[in-house]
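Novice: I need the structure of the sequence given here:
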Amino acid sequence: MEVHLKPETESRLQDLAAKTGRAPDDLVEDAMAGYLLELAQVRDMLDSRYDEIENDRVKPVDGEEAFANLRRKSEDRRTQRS
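Specialist: Numbering: from 1, shown residues only. You can find the predicted model right below:
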């Protein structure tokens, strides 16, 4: 498999390889392995959350309402400090 990187990314990879004494291929392999593991964990979490919503174990929260509540709480804290 070939991986094509932007010149800036490849330069950063080469710099890191030189600083760490590791081969660029090894750094890319480690980065991809970590990324794919994290991606699988996020996917599992999202699937689990979806199942909880589908089975009515949790209720979804409207995003705009949630942000409005956070803004109100933040404003309340600011006014209490004054």
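Novice: point out where this protein drops to low pLDDT.
Specialist: Low-confidence regions of the chain, defined here as pLDDT under 70, do not occur.
Novice: the longest helix in it is where?
Specialist: Ordering each helix of the chain by length in residues (DSSP state H) puts helix 24-54 first.
Novice: now that helix, how far from the chain's geometric center?
Specialist: 9 Å (C-alpha atoms, centre = their mean, to the nearest Å).
Novice: toward the C-terminus, what is the element adjacent to that helix?
Specialist: Where DSSP states H and E defines the elements, the next helix or strand beyond helix 24-54 is helix 63-81.
Novice: and that following helix, how far out from the chain middle?
Specialist: Taking C-alpha atoms, centre = their mean, one finds helix 63-81 lying 25 Å from the centre of the chain it belongs to.
Novice: CA atoms only for that helix, dumped as PDB, please.
Specialist: Extracted C-alpha coordinates of helix 63-81, given in PDB (Å, rounded to 0.1, in the frame of the first residue of the first chain):
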ATOM      1  CA  GLY A  63     -28.900  20.700  20.600                       C
ATOM      2  CA  GLU A  64     -30.200  24.300  20.500                       C
ATOM      3  CA  GLU A  65     -32.000  23.900  23.800                       C
ATOM      4  CA  ALA A  66     -28.900  22.400  25.400                       C
ATOM      5  CA  PHE A  67     -26.700  25.400  24.300                       C
ATOM      6  CA  ALA A  68     -29.400  27.800  25.400                       C
ATOM      7  CA  ASN A  69     -29.300  26.200  28.900                       C
ATOM      8  CA  LEU A  70     -25.500  26.400  29.000                       C
ATOM      9  CA  ARG A  71     -25.600  30.100  28.000                       C
ATOM     10  CA  ARG A  72     -28.200  30.800  30.700                       C
ATOM     11  CA  LYS A  73     -26.100  29.000  33.400                       C
ATOM     12  CA  SER A  74     -23.000  30.900  32.300                       C
ATOM     13  CA  GLU A  75     -24.800  34.200  32.500                       C
ATOM     14  CA  ASP A  76     -26.200  33.400  35.900                       C
ATOM     15  CA  ARG A  77     -22.800  32.600  37.200                       C
ATOM     16  CA  ARG A  78     -21.400  35.900  35.800                       C
ATOM     17  CA  THR A  79     -24.200  37.900  37.500                       C
ATOM     18  CA  GLN A  80     -23.800  36.100  40.800                       C
ATOM     19  CA  ARG A  81     -20.100  37.100  40.900                       C
END
